[in-house]
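**Q** Have a look at this fold, sequence not included:
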Ligand SMILES: Cc1cc2nc3c(=O)[nH]c(=O)nc-3n(C[C@H](O)[C@H](O)[C@H](O)COP(=O)(O)O)c2cc1C
């Protein structure tokens, strides 16, 4: 595979072009591991199809000269509503992995969410960007979970993003068929210092799934326990049901990410964008909601905001940009997404993010008042 370039290659006109170019820079089985989804990839496909199906109905002659994409999220002012989703093992595609991603995010004032399973220590990534949240996977041993939290606090991460939709993962058939194996050199180094968790031996008749993998899976009690252990705001990632969203809000969870893990968790789940309106309705207009899964353009971001998200997370596109041109690629991809969002806002007649409402979508616009 060619090394990542030190410049932006020709022919990149849209953020999504990184997806087209990335296979030239990523080893084929790794490409399938990253691009693939779980099961039959129904949800993976649905994420992008549902976004593509939405149509926009622009408005004329609105004043736009003072337009901007600024917002405040969890009390923090931001230049735009684009953050990088937690993506594990980024050294699979670039020797600097998460270090380069952090530099790219910093250059574009984009928040970065660092995965528990990053292939670079969370402490080494932290100094490279001021705007950072730590994504936490509950560990079977609470002391280990607690130690990860303390390390994230000490390294000045500003929020904990607890991912709850991927306790058990069905492997991507595509990755398996392509022979993907995690190289020895790419490890979840944040967990290196802890003893390898041992599972209780299964008895005759036990299920590998329920008494095996799920025996130590987190429950609502663990989330309540977590709330007593940190002052950092807690964001829950992987929300797909309005009833869960409501409970999480009532518990005092600071924000939620509507996500199906980019089609890598339960296959057959609806697209994130499809469940977003019911979740927005459940939590009310003022509660912070983020969305990911399927975002590939500024127009996708616009549609997510129109249906109730305050901000979005970018998953695979960040890895593709990292593979193609390292930190420069990540920064360029983010800049392109931001420009695409601004262009879409201008063409639709929205000067600020608060102007982007469901009325701008064609279906709901037909129900809106004609004045
Ligand atoms: C290769 C890969 C690794 C991922 N690793 C994590 C992870 O460690 N933690 C997590 O919460 N989500 C992880 N995700 C899910 C992303 O955070 C995000 O939800 C998803 O990629 C969004 O969909 P998109 O790729 O279509 O943008 C991963 C996704 C990919 C593709």
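**A** Looks like it arrived, so ask away. This structure is a prediction, so every number in the text was calculated from the model and none was measured. Numbers count the residues shown, from 1 in each chain.

**Q** okay, CA-based contacts and neighbour counts for the rest of this
**A** Noted.

**Q** what about residue 72, which SS state?
**A** Secondary structure, DSSP: H, G, I helix; E, B strand; the rest coil: residue 72 is strand.

**Q** Based on its surroundings, how many neighbours for it?
**A** 14 (other CA atoms under 10 Å).

**Q** ok, now the one 5 residues further on?
**A** Residues lying near residue 77 (other CA under 10 Å) number 10.

**Q** And the one 3 residues further on, by the same measure?
**A** Neighbour count for residue 80, taken as other CA under 10 Å: 21.

**Q** Distance-wise, check it relative to the ligand.
**A** Residue 80 sits 17 Å away from the ligand, taking CA to the nearest ligand atom, to the nearest Å as the criterion.

**Q** tell me the contacts of the residue sitting nearest the centre point of the chain?
**A** The chain has residue 85 as the residue nearest its centroid, 3.0 Å off, counting by CA atoms, centre = their mean. By CA atoms under 8 Å, 6 or more residues apart in numbering, residue 85 lies in contact with 112-114, 292, 313-315.

**Q** so can I have JSON lines of these showing neighbour count, secondary structure and distance to residue 180?
**A** Shown next, in JSON lines, are the contacts of residue 85 (neighbours: other CA atoms under 10 Å; DSSP: H, G, I helix; E, B strand; the rest coil; distance: CA to CA, whole Å):
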{"residue": "112", "neighbour count": "31", "secondary structure": "strand", "distance to residue 180": "27"}
{"residue": "113", "neighbour count": "24", "secondary structure": "strand", "distance to residue 180": "25"}
{"residue": "114", "neighbour count": "29", "secondary structure": "strand", "distance to residue 180": "23"}
{"residue": "292", "neighbour count": "28", "secondary structure": "coil", "distance to residue 180": "25"}
{"residue": "313", "neighbour count": "26", "secondary structure": "strand", "distance to residue 180": "26"}
{"residue": "314", "neighbour count": "25", "secondary structure": "strand", "distance to residue 180": "23"}
{"residue": "315", "neighbour count": "21", "secondary structure": "coil", "distance to residue 180": "20"}
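
**Q** what's the most distant pair in the residues you listed?
**A** Using CA to CA, the two most remote members of the contacts of residue 85 are 114 and 292, lying 15.2 Å apart.

**Q** List the residues that contact residue 292.
**A** Contacts were defined as CA under 8 Å, 6+ apart; by that measure residue 292 touches 85, 257-262, 272, 312-315.

**Q** Of those, which belong to helices?
**A** When those are checked against helices (DSSP state H), the matches are residue 272.

**Q** circling back: which of the contacts of residue 85 lies closest to the ligand?
**A** Using CA to the nearest ligand atom, residue 315 comes nearest to the ligand of the contacts of residue 85, at 3.4 Å.

**Q** Which residue is the nearest non-sequential neighbour of the closest one?
**A** Leaving aside its sequence neighbours, residue 315 sits nearest to residue 85 (CA to CA, 6 or more residues apart in numbering; 5.0 Å).

**Q** what's the distance between that neighbour and the ligand?
**A** Using CA to the nearest ligand atom, residue 85 is found at 4 Å from the ligand.

**Q** swap in residue 275?
**A** 15 Å.

**Q** List the backbone torsions phi and psi for that residue.
**A** For residue 275, the backbone dihedrals (degrees, to the nearest 10) come out as phi -90, psi -10.

**Q** Can you give me the neighbour number for the residue lying closest to it once chain neighbours are set aside?
**A** Closest residue to residue 275 apart from its sequence neighbours, by CA to CA, 6+ apart: residue 240 at 6.4 Å. Using other CA under 10 Å, the number of residues around residue 240 comes to 24.

**Q** can you offset everything so residue one is 128?
**A** Done: numbering now begins at 128, and the last item shifts to residue 367.

**Q** Looks like residue 367 contacts residue 400 (just checking).
**A** No - in this structure residue 367 lies outside contact range of residue 400 using CA atoms under 8 Å: 9.9 Å.

**Q** which bits of the protein sit near the ligand?
**A** Residues of the chain found near the ligand (CA under 6 Å from any ligand atom) are 161, 212-215, 242, 244, 290, 386, 388-389, 419-422, 441-443.

**Q** Show only the entries of those found in strands.
**A** Residues of the residues of the chain next to the ligand located in strands (DSSP state E): 290, 441.

**Q** Which of the residues of the chain next to the ligand are buried, as a PyMOL select command?
**A** For the buried members of the residues of the chain next to the ligand, the matching PyMOL selection, counting by 16 or more other CA atoms under 10 Å, is:
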select buried, resi 161+212+213+214+215+242+244+290+386+388+389+419+420+421+422+441+442+443
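
**Q** Flag the shaky bits of the stretch 378-498 of the chain, pLDDT-wise.
**A** For the stretch 378-498 of the chain, the stretches with pLDDT under 70 are 491-498.

**Q** for it, what spans make up the helices?
**A** Assigned by DSSP state H, counting those that start in this stretch, the helices in the stretch 378-498 of the chain fall at 399-410, 425-433, 443-475, 489-492.
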